[in-house]
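Trainee: My questions concern the predicted model and sequence given below.
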Amino acid sequence: MTKKNKDAENTIDILIVEDSPTQAMELKYLLEKHNYKITIAENGRHAVAYLERHKPHLVITDIVMPEMNGYELCKHIKADCCMENIPVILLTSLSDSNDVLEGLACGADNFITKPYNENYLIPSIEQILANRKLVKSERVRVGVEITFAGKRRFITADQQQMLTLLISTYEAAVNRNKELIQTQDELKLLNEQLEDKVAERTAALSAEIVERKRAEEALENQNTMLYTLINSSEKILIFSLDEKFCYTAFNENHRHEMRKVWNAEIAAGMNILDLMTIPELKDKARQSMERAMKGEAFMEIQFQPILDVYYEFNWNPIRRNDGKVMGITTFIQDITARMRTEEALKKSEEQFRQSQKMEAVGRLAGGIAHDFNNMLAVINGYTGMIIKTLKPSDPLLYDMKEILKAGERSADLTRQLLAFSRRQPLALEIFDVNQIVNNIEPMIRRLIGEDIDFIAHTSDGLGKIKADPGQIEQVLMNLVVNARDAMTGGGMLTIETANVELDEEYAANHSEVTPGRYVMLSVTDTGCGMDDETMEHIFEPFFTTKESGKGTGLGLSTVYGIIKQSGGNIWVYSEPGKGTTFKIYLTQVFSTAESSKREKKKEKPAMGTETILIVEDEEGVLNMIKRVLQSTGYTIHTAAHGGEALLLCERIGKSIQLLITDVV
């Protein structure tokens, strides 16, 4: 796109509707100085014809015109769905308060008073164009029926229009008030200078007094209109302050809120800081108001602990014509619902990130444990074979047994890591968790010692689960050991089972949970508890808060892996000094199938004559197994992977009595 085309695209088109050629050209000249593209229509009918062909960014229209006045033109524009979002500004002297109400009723977006003040006109146009972009898609329609000056009107408008008209009429009222004050000063000066001519100027002064009263009545009417507008804004708190932070205006919503929050009855002239009793909130309010008095318009969110709500504050400086800040206008909205939603979303995202981190750590730990386990199998296997060849008097026998012990301890660690990464083989059964609790209760009592009281609450009619009973026993014992270590000075250990149903609301706050019926197993202690930072890491491998040498940091990692591999979820609730509760949720199984029984292992014969096929991709493990089995008489065939094993079966499959294969 060329610079010329880009400039044309960014040009703001404004349609001026004015039956006075002089005033139309004056306004056109003023706006073209600021790079606006101007089109003039001499009355409302011509404007309608132009709007059928072109859609300007803004329409500025006089009110009093032949054929079609400004109110009718505005209604025509706002009634057309193709043009309803075009802002309309009415040109008026605001001499009659009905002008404002008529403009509000027809849907006007702003007023510009005659004669035109460039310092006020241009910012007003810029502001209404900017606001229209912001609220174009989020308009909220409201309506109100009023009686004013003996005439009933039903006004339908949006909140943005009402606020914009509020600000424009308020500023007009302020300017008019300034003119009145200036007039008063001039009258006083004339009275002092021309005291000897009082008699001659009585008639003239009387006329000026009449005009002054008329202006004061107009100002009073405008103030009445302003009061009506700011109090028709539902759920929005509005107030204005002077440079000393004293009230100059406020709506009924703000009055009601000050009663509720600070138990104060507010009035014009009162200092808002004098009403606040909490030093921290008072200092925060002072800082915000001082910032606005320096000329900065900004938005901030504050929490009010008295009502447990969040408010959004919009601070806006009020300026005189010379640009000097003379006060502050503030708009306040209750955004507690929005903040609560954002907090819930943040909590859910944090749970999801924690879950992703645990998955990544699990994949890493599982890969390392699997490879390390293969190496340990070779080390332990060959060590065991060497031990069998050594005589009891051989000095190497003790050393080899110590190597085997270290290897077996290392194998235990890898099994815990495999459990955490969910790669540990499971012997699944359908069973009642109460059986597990009852079976290991004597062991628990011996394990925790006499200074810890133990209570088990097992629910009658508990649903069954499908899991590995041995693994669930390990989970329960690991949690009991952790609870015991947290209660160094004694305490209470409680194990509980229950049927629970987790609903949609619970699932929404716990990212990995699916709504449904579960069996709950909980372990609660009255120990030292944990802070938030500790709870973020408790399920990570090798993380421990115990002294060096007193823990591997794999106990809770193993618990986490087993529960996840069993299709369940585990949550921890803890506070420093208030103990800890681990809650495990396992899906209920509604099957009538009988629980499988664990078969006793049959003793193998000392020697074998059968043929065995071994499939293992780790060469060291493969050779070790082959050597062990060959030493007991078996005929061994080997394959490095499944494809090779299938080819071997095609050739000698009938002679193979047993297949031993790696899983991964």
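Mentor: Alright, I've got the coordinates. Numbers count the residues shown, from 1 in each chain.

Trainee: Just give me the neighbour total for residue 485.
Mentor: 16 (other Cβ atoms under 10 Å). From N, CA and C alone the C-beta is placed, and that goes for glycine too.

Trainee: Just checking, which helix or strand succeeds the strand or helix carrying it along the chain?
Mentor: Per DSSP states H and E: residue 485 is located in helix 469-486. Following helix 469-486 in sequence order, the next helix or strand is strand 491-502 (DSSP H and E).

Trainee: buried ones in that next one?
Mentor: 491, 493, 494, 495, 496, 497, 498, 500, 502 (16 or more other Cβ atoms under 10 Å).

Trainee: Tell me the secondary structure of residue 222, please.
Mentor: Using DSSP: H, G, I helix; E, B strand; the rest coil, the structure places residue 222 in helix.

Trainee: hmm, back to that, let me have the buried residues of strand 491-502 in CSV, extended by pLDDT and distance to residue 106.
Mentor: Below are the buried residues of strand 491-502 laid out as CSV (pLDDT from 0 to 100; distance: Cβ to Cβ, whole Å):
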residue, pLDDT, distance to residue 106
491, 90, 75
493, 91, 76
494, 92, 72
495, 92, 74
496, 93, 69
497, 92, 71
498, 92, 66
500, 90, 61
502, 85, 56
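
Trainee: right, and out of the residues you listed, which lies closest to residue 288?
Mentor: residue 502 (43.9 Å; Cβ to Cβ).

Trainee: Tell me if I'm right that that closest one and residue 512 touch.
Mentor: No: Residue 502 is beyond contact range of residue 512, at 11.3 Å (criterion: Cβ atoms under 8 Å).

Trainee: For residue 260, the count of nearby residues, please.
Mentor: Neighbourhood size, residue 260 [other Cβ under 10 Å]: 11.

Trainee: What is the distance between the one helix or strand it maps to and the centre of its chain?
Mentor: In the assignment (DSSP H and E), residue 260 maps to helix 252-262. Its chain's C-alpha centre and that of helix 252-262 lie 29 Å apart, by Cα atoms, centre = their mean, to the nearest Å.

Trainee: Do a quick rundown of the helices in the stretch 401-550 of the chain.
Mentor: 433-448, 469-486, 504-509, 532-535 (DSSP state H, counting those that start in this stretch).

Trainee: Provide the secondary structure category for residue 249.
Mentor: On the basis of three-state DSSP, residue 249 is classed as strand.

Trainee: And the pLDDT at it?
Mentor: pLDDT, residue 249: 82.

Trainee: Quick check on the closest residue to it other than its chain neighbours: phi, psi?
Mentor: Nearest non-adjacent residue to residue 249, counting by Cβ to Cβ, 6 or more residues apart in numbering: residue 240, 4.4 Å away. Residue 240 adopts backbone torsions of phi -130, psi 140, taken as degrees, to the nearest 10.

Trainee: quick one: contacts for residue 240?
Mentor: 247, 248, 249, 250, 318, 327, 328, 329, 330 (Cβ atoms under 8 Å, 6 or more residues apart in numbering).

Trainee: same check, this time on residue 327
Mentor: So residue 327 contacts 240, 241, 242, 243, 248, 317, 318 (Cβ under 8 Å, 6+ apart).

Trainee: The closest residue to residue 118 other than its chain neighbours - how many residues pack around it?
Mentor: Leaving aside its sequence neighbours, residue 118 sits nearest to residue 30 (Cβ to Cβ, 6+ apart; 6.1 Å). Residue 30 is flanked by 15 other residues according to other Cβ under 10 Å.

Trainee: Do you know the pLDDT at residue 30?
Mentor: On pLDDT, residue 30 comes in at 89.

Trainee: circling back to that earlier point, ranking the contacts of residue 327 by neighbours, who comes first?
Mentor: Going by other Cβ under 10 Å, residue 241 tops the contacts of residue 327 with 22 neighbours.

Trainee: Kindly provide the distance from the nearest residue to that one once chain neighbours are set aside to residue 292.
Mentor: Nearest non-adjacent residue to residue 241, counting by Cβ to Cβ, 6+ apart: residue 328, 4.8 Å away. For residue 328, the distance to residue 292 (Cβ to Cβ, to the nearest Å) stands at 5 Å.

Trainee: shared neighbours, these two?
Mentor: Common neighbours of residue 328 and residue 292 (Cβ under 8 Å, 6+ apart) are 315, 316, 317.

Trainee: mind listing the strands for the stretch 201-350 of the chain?
Mentor: Under the criterion DSSP state E, counting those that start in this stretch, the stretch 201-350 of the chain contains strands at 236-242, 247-250, 298-304, 309-319, 325-334.

Trainee: So which elements touch the third one?
Mentor: The elements that strand 298-304 packs onto, with contact taken as 3 or more Cβ pairs under 8 Å, 6 or more residues apart in numbering; DSSP states H and E, are helix 279-293, strand 309-319.

Trainee: Just want the angle from that strand to helix 252-262.
Mentor: Counting by axes from the mean of the first three to the mean of the last three Cα atoms, to 10 degrees, strand 298-304 points 40 degrees away from the direction of helix 252-262.

Trainee: Kindly report the same for the fourth one.
Mentor: Orientation note: strand 309-319 sits at an angle of 130 degrees relative to helix 252-262 (the same axes, to 10 degrees).

Trainee: With only the CA atoms kept, save strand 309-319 in PDB.
Mentor: Written as PDB, here are the backbone C-alpha positions of strand 309-319 (Å, rounded to 0.1, in the frame of the first residue of the first chain):
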ATOM      1  CA  VAL A 309     -15.100  -7.300  47.200                       C
ATOM      2  CA  TYR A 310     -13.000  -6.000  44.400                       C
ATOM      3  CA  TYR A 311     -13.600  -2.600  42.800                       C
ATOM      4  CA  GLU A 312     -12.400  -1.200  39.500                       C
ATOM      5  CA  PHE A 313     -11.600   2.500  39.900                       C
ATOM      6  CA  ASN A 314     -11.400   4.800  36.800                       C
ATOM      7  CA  TRP A 315      -9.800   8.100  37.800                       C
ATOM      8  CA  ASN A 316     -10.200  11.100  35.500                       C
ATOM      9  CA  PRO A 317      -8.900  14.700  36.000                       C
ATOM     10  CA  ILE A 318     -11.300  17.600  35.500                       C
ATOM     11  CA  ARG A 319      -9.600  20.500  33.700                       C
END
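
Trainee: could you say what helices and strands that strand packs with?
Mentor: Applying 3+ Cβ pairs under 8 Å, 6+ apart, we find strand 309-319 packed against helix 279-293, strand 298-304, strand 325-334, helix 336-389.

Trainee: what's the spacing between it and its chain's center?
Mentor: Relative to its parent chain, strand 309-319 has a centroid offset of 22 Å by Cα atoms, centre = their mean.

Trainee: try stretch 374-394
Mentor: For stretch 374-394, the distance to the chain centre is 59 Å (Cα atoms, centre = their mean).

Trainee: buried sites along it?
Mentor: Of the residues in stretch 374-394, those buried (16+ other Cβ under 10 Å) are 374, 376, 377, 378, 379, 380, 381, 382, 383, 384.
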